[in-house]
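J.: no letters, just coordinates:
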């Protein structure tokens, strides 16, 4: 199933996201990585994917330290943070045992789960919210009133690995009966029987491209949309809203001992009940709490949308 995604990423000029030949040899070879794993049973390792490692480490280290302190019964003495450069590297980290816990939104979480066997265990209220959804919006003066009116026009998406900036809006357009087709640039030709989409690489770019008229409409998550200044937002029209999905998912590596998984779940769920835990959560990208939920619900929805997008 994911082979199609790998090919598509390469065609979109994002080879480094999943199949980059420039990855260090251990990251591109799961067997080699597993055999040279630096896994330390004394250390609990949490992780994310980012092109700004120092920023992520600063935000994640307090949680790693907190977990290490609470997991002393398992021989854990310290917490560490690993930052992967892309999905492929993160999957290898989890398969090899270098990383114990990984956090992401449902679509990349689905990809990582399928690639590495990592198991979703909890919902993370990142930014203080349990769920989010995508809106496709335009400017009121464009004469566009519905998703159907986007035929023959260009829409801005964030990036191909984004839940809110790609998979959700792409699924929305297909389910609305229009024909979304990826284009190389915002000026590429769009036929009358399709909706073109182009990647902007950033939600802020998407907003600016819509305002400037570079694209007719854009897709961003509701939180980002509500952060647009009121004056600008009043000049916009929301054409459609996606299903709600979990804001973030916590996954653990497949071979983590069940008793340790249960301990991690308990620790994370209880964090918002104490002042110390609340302070750590705040530093962890303003996370409000962790809670139990059927994690497969959001991930299975991503898988449904993925199949829909790939097989249209």
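T.: That came in fine, so what should we check first? Remember, it's a predicted structure, so these values are computed and weren't measured experimentally.

J.: next one: stretch 182-202 to chain centre, how far?
T.: Offset of stretch 182-202 from its chain centre (Cα atoms, centre = their mean, to the nearest Å): 22 Å.

J.: what sits up against that stretch?
T.: The contact list for stretch 182-202, computed with Cβ atoms under 8 Å, 6 or more residues apart in numbering, reads 12, 147, 150-160, 166, 169-170, 173, 178-181, 206, 209, 214-215, 218. No exception for glycine: its C-beta is placed from N, CA and C like everyone else's.

J.: now, of those residues, which are buried?
T.: Buried members of the contacts of stretch 182-202, counted by 16 or more other Cβ atoms under 10 Å: 147, 150-151, 153-160, 166, 169-170, 173, 178, 180, 206, 209, 214-215, 218.

J.: those residues in strands, which ones?
T.: 154-157, 180, 218 (DSSP state E).

J.: nearest to residue 87 among those?
T.: Nearest to residue 87 out of these is residue 157 (Cβ to Cβ; 17.4 Å).

J.: ok, the residue lying closest to residue 177 once chain neighbours are set aside - contacts?
T.: Distance criterion Cβ to Cβ, 6 or more residues apart in numbering; nearest residue to residue 177, sequence neighbours excluded, is residue 148 at 7.4 Å. Counting by Cβ under 8 Å, 6+ apart, residue 148 makes contact with 176-178.

J.: how about a markdown table for the residues you listed, with pLDDT added?
T.: Output for those, formatted as a markdown table (pLDDT from 0 to 100):
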| residue | pLDDT |
| --- | --- |
| 176 | 95 |
| 177 | 94 |
| 178 | 95 |
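
J.: any buried residues in stretch 74-82, and which?
T.: Residues 74, 76, 79-82 are the ones in stretch 74-82 that count as buried (16+ other Cβ under 10 Å).

J.: show me where the protein has its helices.
T.: Here the chain has its helices, by DSSP state H, at 2-11, 15-18, 25-28, 30-35, 53-70, 87-96, 106-116, 168-175, 203-212, 222-226, 230-234, 258-270, 275-283, 295-310.

J.: can you redo those helices as a markdown table with distance to residue 242 and mean pLDDT?
T.: Formatted as a markdown table, the helices of the chain follow (distance: least, Cβ to Cβ, whole Å; pLDDT from 0 to 100):
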| stretch | distance to residue 242 | mean pLDDT |
| --- | --- | --- |
| helix 2-11 | 20 | 41 |
| helix 15-18 | 22 | 36 |
| helix 25-28 | 33 | 38 |
| helix 30-35 | 33 | 41 |
| helix 53-70 | 27 | 97 |
| helix 87-96 | 22 | 96 |
| helix 106-116 | 12 | 95 |
| helix 168-175 | 4 | 96 |
| helix 203-212 | 15 | 98 |
| helix 222-226 | 9 | 97 |
| helix 230-234 | 18 | 96 |
| helix 258-270 | 27 | 98 |
| helix 275-283 | 27 | 98 |
| helix 295-310 | 9 | 84 |
